[in-house]
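Chemist: quick one: sequence plus predicted model below, questions after.
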Amino acid sequence: MEWFDFKKKYVAETELRINKNFGRILSFIDFGNVTYWFSEDKQGGDGILIKEDERVSVEIERLKNFCSTFSEDIRFYYGHDQSNEGSIRFIMACRHIFGKSRVFTKRIQKVRHYPTSEEMISNTRDIFTDKGGKYILLPKCNFDVEITVDTIRLMKDYDTIALFSGDADFVSLLRFLKTNKKKVILFKHGNITGGLRKVSDKIISAQNIKGHITKVKKQKPNV
């Protein structure tokens, strides 16, 4: 048995306990949700404390390799900022890793947010002023509709959906899939609603897969 085949079998069956009963699995990654999973963590995937100038970051190549251990196909959803070269380079890297036809993106919208005095203390974003007072621009890019349409459109191609998101907005979608005899594997961070728990056949905590999908990186210095 080749090394990757052995690892694939070990991760899927031994670590995740995803057996043959789940059939064909298609992964949907809501990366706008996933990218923040470990932003507050003080330990790396190996359990070792990180330094003050380090952070735990989700690595897209490791994420793709991890999903490949149990998925027949992987679809990746994430927004981009047309005015930010780093954002465009990231999407290009994702297309190289996941494949052009498996990365779905759209422009990030900037939404006005009027922070409280407490929020202002820790704010690092540019501050603007209008008639309503001081505000900052927060990025917003939601893929709930795109993921919902794709999961329904592709239902004949899978037996189980592996959803990387703890967004409660997906409850109705997952309930619909269950009525159509599909199974649900939910990868989530932190607490989730009872509705999500009820419609999931298997729930896997992000902390249990951190060693597979993250890397410790140096923090970028504030300019």
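Modeler: Looks like it arrived, so ask away.
Chemist: low pLDDT regions in this protein?
Modeler: Applying pLDDT under 70 to the chain picks out residues 1-7, 220-223.
Chemist: looking at it, which residue lies furthest from center?
Modeler: K131 (36.5 Å; C-alpha atoms, centre = their mean).
Chemist: how near is that one to R102?
Modeler: Per C-beta to C-beta, to the nearest Å, K131 is found 44 Å from R102. Just so you know, the C-beta spots here come from the backbone N, C-alpha and C atoms, and that holds for glycine as well.
Chemist: what comes up buried for stretch 102-110?
Modeler: By neighbour count on 16 or more other C-beta atoms under 10 Å, the buried set for stretch 102-110 is R102, V103, F104, T105, I108.
Chemist: again, but for stretch 44-61
Modeler: Neighbour-count burial for stretch 44-61 flags G44, G45, R55, V56, S57, V58, E59, I60 (criterion: 16+ other C-beta under 10 Å).
Chemist: name the SS class of the third one, please.
Modeler: Three-state secondary structure (criterion: DSSP: H, G, I helix; E, B strand; the rest coil) places R55 in strand.
Chemist: can you pull the contacts of the residue nearest to it when sequence neighbours are not counted?
Modeler: Spatially, and ignoring its direct neighbours in sequence, R55 is nearest to Q219 (5.4 Å; C-beta to C-beta, 6 or more residues apart in numbering). Neighbouring residues of Q219 by C-beta atoms under 8 Å, 6 or more residues apart in numbering: D53, E54, R55.
Chemist: make it 10 Å
Modeler: Contacts for Q219 (C-beta atoms under 10 Å, 6 or more residues apart in numbering) come out as I50, K51, E52, D53, E54, R55, S57.
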